[in-house]
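Visitor: What follows is a predicted protein model with its sequence.
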Amino acid sequence: MTDQLNALRQYFDSGKTRTASFRRESLKKLRDSILRFENELYDALYADLKKSPEESWITELGIVVNGVKSALHNLDNWMSPERVSTNLLNLPSSSRIMKEPLGVVLVIAPWNYPFQLLINPLVGAIAAGNCVVLKPSEFAPATEGVMKKMIQAIFPKEYILYVEGEGQTVLPAMMNSFRFDHVFYTGSTAVGKIIYKMAAEQLVPVTLELGGKSPCVVESDADIKTAARRIAVTKFSNAGQMCVAPDYVLVHSSQKDALVDAMKKTLLQFFGDRPESSSSYGKMINEKQFSRVVSYLSKGNILHGGRSDKKELFIEPTLIDNVSMQDPIMKDEIFGPVLPVISFQEKEQAMNVINRNPDPLAFYIFTSSGSKEKDWLNSVQFGGGCVNNASWHFTNHHLPFGGRGSSGTGNYHGKYSFDTFSHRKAVMKTPNWFDPNIKYPPFKGKLRLFKWVLR
Ligand code: NAD
């Protein structure tokens, strides 16, 4: 393995990946091969997660293809040095920021969006001129197999190396024997800590895209019918296995019954009375995840749904109330199709629930009032979020995507991906024609002048 990693280093050092033309060619190859493998990827995503082609396009392939399009369109602009002003002390120098590739970077992905969460960071890494090691999740084997074929068909392994295997074996083997220039990790907070520690041993910078409990607040003045549809569409997409899915709803007590009623109707409209037969409804990835989520149903009061089938890894879209803050459902990230609905009277009560799990990856507020919107957005610290919507901010590549604190560090998407995989090299250039003695010793008597110049 070390030989293969050293080959990436040599390839990077050859300078090949730095040119704009090489980056452009690589991005085009990637885009073309995604389209060539489109149907195979749909089949694989169906096998792993029962995702429909439509959902797969919106949440997996389409996001990446659009990311490539945006990178190709903006590459020259992103790569060009940025001119910045120069302070009085240093005039008449000029200053600029050069964008330099980081080198050999490692991208680690989870299983819930197995294609997008591996290949989307790759777009940024290629655009920024790096060599890349891709480590997919071992828990989405069908998608993993197609991605391997796709990547190996278009890129030499000294440029983009695809590494399979169990994370707990493969990652320490690589990270402890080779110094990467950056590690980009998406996955659980618990494993994120392990990755962070391994990276810290060699002072390798990291981007951590982690999880957490993302609250969704529905205020007394929210448009309830619209809120119900918008919450349900992303909460139950991919059977709730979405990092930015609303984890639980905090609804003003005056609207709780109306919201529950609207959500029940919405779920019937979306998935029918047998969601297991709906082509728009997914399944749990494996038995471990199935059993974990089913265990949440043993406490609280089921308002809707609650059925499950272990053989099919099916869990019905479920609404639940009377949950206790001490139970795992309100401590763990749910990451499944179970939505606790908790009512509040005063904002403070809702804040107390939210603050039990600080720094969520996402936050959603449904309200018709501008002042309530502002108040909530300023009160909750979160990675990113939406007003009168849920999760869709993820799909806008003009917004940086990432968490804060326990939900992550750093961000990506669009230009932010390019920046994540680039070093911003600060350069000041000074002409020779002006070289006043004031800048040189002896300094005695120059204090007042220095104070004036360095303001
Ligand atoms: P995970 O942490 O189990 O696995 C992620 C990656 O880490 C996999 O490639 C796996 O092989 C590797 N890994 C697992 N155990 C390891 C170990 N002991 N040592 C080293 N590497 C190891 O995560 P998951 O269960 O695949 O994904 C679910 C989590 O990811 C959820 O918490 C979710 O919120 C989060 N997530 C976050 C985002 C985001 O963008 N912020 C996106 C998707 C998922």
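Guide: Thanks, I have the structure now. Numbers count the residues shown, from 1 in each chain.
Visitor: Let me know how buried the nearest residue to M325 once chain neighbours are set aside is, in neighbour terms.
Guide: Sequence neighbours aside, R356 is the residue nearest to M325 in space, at 6.4 Å (criterion: C-beta to C-beta, 6 or more residues apart in numbering). C-beta: built from backbone N, CA, C; applies to glycine. Burial of R356, expressed as a neighbour count using other C-beta atoms under 10 Å, amounts to 11.
Visitor: Likewise for I58?
Guide: For I58, the neighbour count with other C-beta under 10 Å is 15.
Visitor: which stretches of the stretch 51-200 of the chain form strands?
Guide: Counting by DSSP state E, counting those that start in this stretch, the stretch 51-200 of the chain has these strands, from start to end: 82-84, 94-101, 104-108, 131-135, 160-162, 182-186.
Visitor: With distance to T143 and mean neighbour count added, can I get these in a markdown table?
Guide: Compiled in a markdown table, those are given as follows (distance: least, C-beta to C-beta, whole Å; neighbours: other C-beta atoms under 10 Å):
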| stretch | distance to T143 | mean neighbour count |
| --- | --- | --- |
| strand 82-84 | 38 | 11 |
| strand 94-101 | 28 | 16 |
| strand 104-108 | 15 | 27 |
| strand 131-135 | 13 | 24 |
| strand 160-162 | 13 | 22 |
| strand 182-186 | 15 | 26 |
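Visitor: What residues does the residue nearest to N87 when sequence neighbours are not counted make contact with?
Guide: In this structure, N87 finds its nearest non-sequential neighbour in L454, 7.9 Å apart by C-beta to C-beta, 6+ apart. With C-beta atoms under 8 Å, 6 or more residues apart in numbering as the criterion, the residues that contact L454 are N87, L88, L89.
Visitor: Closest to S369 out of the residues you listed?
Guide: Taking C-beta to C-beta as the measure, S369 sits nearest to N87 out of those, at 44.2 Å.
Visitor: measure that closest one to the ligand for me?
Guide: Here N87 is placed at a distance of 38 Å from the ligand (C-beta to the nearest ligand atom, to the nearest Å).
Visitor: do R9 as well
Guide: The span separating R9 from the ligand equals 22 Å under the rule C-beta to the nearest ligand atom.
Visitor: How about F139?
Guide: In terms of C-beta to the nearest ligand atom, F139 sits 6 Å off from the ligand.
Visitor: Skip the chain neighbours and tell me the closest residue to that residue.
Guide: Sequence neighbours aside, W111 is the residue nearest to F139 in space, at 3.9 Å (criterion: C-beta to C-beta, 6+ apart).
Visitor: And D221, by the same measure?
Guide: Residue nearest to D221 in three dimensions, not counting chain neighbours: S368, with 4.6 Å by C-beta to C-beta, 6+ apart.
Visitor: Would you check that the one you found makes contact with V218?
Guide: No: in this structure S368 lies outside contact range of V218 using C-beta atoms under 8 Å: 11.3 Å.
Visitor: more crowded one of the two?
Guide: A count of neighbours by other C-beta under 10 Å puts V218 above the other of S368 and V218, at 28 against 12.
Visitor: And that one, what's its pLDDT?
Guide: With respect to pLDDT, V218 scores 98.
Visitor: what helix or strand is the closest residue to it other than its chain neighbours on?
Guide: Taking C-beta to C-beta, 6+ apart, and ignoring the residues beside it in sequence, V218 has V251 as its nearest neighbour in space, at 4.2 Å. Taking DSSP states H and E as the definition, V251 sits inside strand 248-252.
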